[in-house]
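structure here, sequence nowhere to be found:
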């Protein structure tokens, strides 16, 4: 598809060079959060509540402070009072106030000269608790008589008469549901649950904070977004934003979980109290799982109607989600996207955000969308089975396309859902014969993506190479993508571009690498900043040739006269212009900042084949296909990596991963041995097909691709297990015991 | 005047209307006009919304232009992982 003003022929875009940070990462030279050390630093440790819900009666740090080498202890009393809204939530989550709200909630922190001493000192801090009744299940938390987590937490949207644990309410839709369901030949209604799943990043949270006597400080930290980190940390500490400079380390995964704060303000507060000594803090895996946000768990009822020929006539969904002890479960997005794949006239969504005694949820790859997809795509699968319809043909019949009014309101622009379905149907995986106890599942998903505040700079070096500075940490290969886009814009080799992730002192505000926005938004800013440089270099050439700048064009890394009328001059390369720039007007650089609104969503369709052991209930993934619209794949290998990573995480969520709470409200599986993420030996090579329907809101047509991939796997795997076993299981995960019980006809 | 559509949870705060007509040359002016006409909507807007203008979602863009025949939808505040 050629779009007005959009480039369609590329020299560098679409190639797959090695990532510029690759050597550092495979040789151990790359510095992650825990790799930062400075002379004289202290080590921090956190005292965490062992109770799910308890009043903090007393904190006695006398014994800890008497230990040689212990330099500071902080509690909530060391934080400012009077915060409101989101800032109060952040502060309360980083350090409990009157009550501990979940197992693992921080209640105090200590800084000492060694990590071991800090941990021993934390154990020596005596906390007196008054244990309170707790609730960790979303449905239980909404019932009359359930323990109240916090009075007055509900906002304006919650109808009267609801339990105080219901803190936000969402209601959206259009059309006439009664009319729509009356047009259906078959109506299916099911109830579903999904458990909380953690982002499972390999690198635990780690930081090094220092606050000087002048009230200014530094923070080195593993984060997806250092401007978010700066804003949030300074807000909970009551200091001015620019008094802290935040430098991001390399990052070993985030998936949304590193877009907020946990230990970082504690390190700054400990440093302030310890006379300005830097304080390093590194979470254990136990702390990561108990105290940093997993995603929300969900309880859902979905009802859909369909005609005999496969047209969806109406859809209704009720979605209840708990996101821990604070408002913020992503049920707002769930309600928006539950049926967004399809063109449905009569549709209605209801959502409840419920608080419980669990850790505060954090964003996790397409937050809110996978749960909804599990429910809606499972019901569509049931409708297709009952009516004898092909699941891909049925989705094609109802697929949203350009001009379709989305179920959340506005009309879609150019989108590639139909193309993903057609490519999935044409793929050999879809016609591969299946054996005994094997089944095939199909599901689709959508993520709408994001633009966000973005600032980037490009500078020309004296030898004609180029430095790109962006503010979005490189999680999935974005340095390579930025370098490719800069190389394309300038017409210079990829190797001549270096991409830096700048600290908060070097650029304007940047939102994190989240919302599938980095390649889109920082890429767009890089291209625009490069174009500013090119304009300046054309002028330098024009000045030298004594012609108008408008008579100069930029091609293949050179300024050239635009035609015979402009005069006969040999092209000036970027290196020639750069070599003279000190004497022709000074350094050449470009800058761009925006909150770009031209992002566009990405649809995906997955096809999975499974084999279920009828004796154990164990599910093995035989084949897995991801088809997704990337708009334009800047670096196809990293696009495929995003597709595969999303699928792998979704498979884990579908089959194994869950937060298991005991009757005492304590997390039972806070280690990776018991919280089972898929490893390489669990999965086959995940096949991919990149669909490219260009996004008109980006110069090269880019769509974000990071999040859509985790949306279809939950229903795709469940649909395949249904195909293999004949049993529809409406609860995730599909752990062997649950699948075996279903096979044996027991209630699951 | 631009047509501004409200999700159903907001309609009770706007006299039950699904669509209201608001004058304004920018998103900011339209949102200000909406709150002036229906003050009950202010908490919802303060909590954060996204705005779609003629199919394009324009978060954080109060200065985004609005045409007299624009179709505007208020959407839930967006986020991402």
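Structure received. All values derive from a computational prediction rather than experimental measurement. Numbering: from 1, shown residues only, chains lettered A, B, ... in the order given.

CA only for contacts and neighbour counts going forward, please
Will do.

how close does residue A:695 get to chain B?
Per C-alpha to the nearest C-alpha, to the nearest Å, residue A:695 is found 12 Å from chain B.

my bad, should have said residue A:271
For residue A:271, the distance to chain B - C-alpha to the nearest C-alpha - is 30 Å.

what is the helix or strand that residue falls within packed up against?
Element membership for residue A:271, per DSSP states H and E: helix A:264-273. The contact analysis (3 or more C-alpha pairs under 8 Å, 6 or more residues apart in numbering or on different chains; DSSP states H and E) places helix A:264-273 against strand A:70-74, strand A:106-112, strand A:206-211, strand A:217-221, helix A:226-237, strand A:279-282.

mind putting these into CSV with distance to chain B?
As requested, the helices and strands packed on helix A:264-273 are exported to CSV (distance: least, C-alpha to the nearest C-alpha, whole Å):
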stretch, distance to chain B
strand A:70-74, 31
strand A:106-112, 24
strand A:206-211, 19
strand A:217-221, 18
helix A:226-237, 13
strand A:279-282, 22
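
can I get the ones you listed in JSON lines with mean pLDDT and mean neighbour count?
As requested, the helices and strands packed on helix A:264-273 are exported to JSON lines (pLDDT from 0 to 100; neighbours: other C-alpha atoms under 10 Å in any protein chain shown):
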{"stretch": "strand A:70-74", "mean pLDDT": "98", "mean neighbour count": "23"}
{"stretch": "strand A:106-112", "mean pLDDT": "98", "mean neighbour count": "29"}
{"stretch": "strand A:206-211", "mean pLDDT": "98", "mean neighbour count": "28"}
{"stretch": "strand A:217-221", "mean pLDDT": "98", "mean neighbour count": "23"}
{"stretch": "helix A:226-237", "mean pLDDT": "98", "mean neighbour count": "24"}
{"stretch": "strand A:279-282", "mean pLDDT": "98", "mean neighbour count": "28"}
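
and the ones you listed: which comes nearest residue B:78?
helix A:226-237 (15.8 Å; C-alpha to C-alpha).

what are the contacting residues of that closest one?
With C-alpha atoms under 8 Å, 6 or more residues apart in numbering or on different chains as the contact definition, helix A:226-237 has outside contacts at A:79-80, A:83, A:87-88, A:90-91, A:223, A:240-241, A:244-248, A:259-261, A:264-265, A:269, A:503-504, A:509-512.

among those residues, which are in helices?
The helices, defined by DSSP state H, take in A:87-88, A:90-91, A:264-265, A:269 from the contacts of helix A:226-237.

ok, which stretches of the stretch 251-400 of chain A are strands?
A:279-282, A:297-306, A:312-322, A:346-354 (DSSP state E, counting those that start in this stretch).

I meant to write the stretch 401-550 of chain A there.
A:438-447, A:454-460, A:466-470, A:497-501.

next: chain B.
B:2-5, B:19-22, B:49-53, B:56-57, B:71-76 (DSSP state E).

just put those strands in CSV and tack on mean pLDDT.
Converted to CSV, the strands of chain B look like this (pLDDT from 0 to 100):
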stretch, mean pLDDT
strand B:2-5, 93
strand B:19-22, 94
strand B:49-53, 91
strand B:56-57, 89
strand B:71-76, 92
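
can you redo those strands as JSON lines with mean neighbour count and distance to residue A:96?
What follows is those, written out as JSON lines (neighbours: other C-alpha atoms under 10 Å in any protein chain shown; distance: least, C-alpha to C-alpha, whole Å):
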{"stretch": "strand B:2-5", "mean neighbour count": "21", "distance to residue A:96": "41"}
{"stretch": "strand B:19-22", "mean neighbour count": "18", "distance to residue A:96": "44"}
{"stretch": "strand B:49-53", "mean neighbour count": "21", "distance to residue A:96": "29"}
{"stretch": "strand B:56-57", "mean neighbour count": "22", "distance to residue A:96": "37"}
{"stretch": "strand B:71-76", "mean neighbour count": "23", "distance to residue A:96": "29"}
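
any chance of a markdown table for those, columns distance to residue B:28?
Shown next, in a markdown table, are the strands of chain B (distance: least, C-alpha to C-alpha, whole Å):
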| stretch | distance to residue B:28 |
| --- | --- |
| strand B:2-5 | 13 |
| strand B:19-22 | 11 |
| strand B:49-53 | 10 |
| strand B:56-57 | 14 |
| strand B:71-76 | 12 |
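
out of these, flag the one nearest residue A:211.
With respect to residue A:211, and counting by C-alpha to C-alpha, the nearest of these is strand B:49-53 at 35.7 Å.

ok and the closest one relative to strand B:71-76, angle-wise?
Angle, strand B:49-53 to strand B:71-76, by axes from the mean of the first three to the mean of the last three C-alpha atoms, to 10 degrees: 160 degrees.

mind listing the strands strand B:49-53 pairs with, and their directions?
Paired neighbours of strand B:49-53 in the sheet (DSSP bridges): strand B:56-57 (antiparallel), strand B:71-76 (antiparallel).

dump those strands into JSON lines; add distance to residue A:172 as well.
Shown next, in JSON lines, are the strands paired with strand B:49-53 (distance: least, C-alpha to C-alpha, whole Å):
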{"stretch": "strand B:56-57", "distance to residue A:172": "17"}
{"stretch": "strand B:71-76", "distance to residue A:172": "10"}
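
cool, thanks, signing off.
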